[in-house]
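Student: No letters, just coordinates:
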């Protein structure tokens, strides 16, 4: 379901809205999300330390990823291949 949602989001951003880039942000500790983003072809751009305040008063590190318009065709193919396997 996550791959399908990302495919729809990216299709809308690049093919309908003409975006030049789409960025994603996830908690540094969320290994599953991080592997998933790398798996579809997103590029890790860096970590913002102590970026997000959490409800319990702690702060989390945020890792940013992006996909550029020039990468969209390859990412679309990866997403489609993953969808066929499921």
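Tutor: Ah, there it is. Given the structure is predicted, the values throughout are model-derived calculations rather than measurements.

Student: Packing partners of the lengthiest helix in the chain?
Tutor: When the chain is parsed with DSSP state H, its longest helix is helix 72-85. Counting contacts by 3 or more C-beta pairs under 8 Å, 6 or more residues apart in numbering; DSSP states H and E, helix 72-85 packs against helix 2-11, helix 31-40. The way it works is simple: take the backbone N, C-alpha and C, and place the C-beta from them, glycine included.

Student: Next, work out how far apart residue 56 and residue 30 are.
Tutor: Distance, residue 56 to residue 30, using C-beta to C-beta, to the nearest Å: 17 Å.

Student: Between those two, which is the more surrounded one?
Tutor: When neighbours are counted by other C-beta atoms under 10 Å, residue 56 and residue 30 differ, and residue 30 comes out ahead with 13 against 5.

Student: How about the backbone phi and psi for the more buried one?
Tutor: The phi/psi pair for residue 30 (degrees, to the nearest 10) reads phi -90, psi 80.
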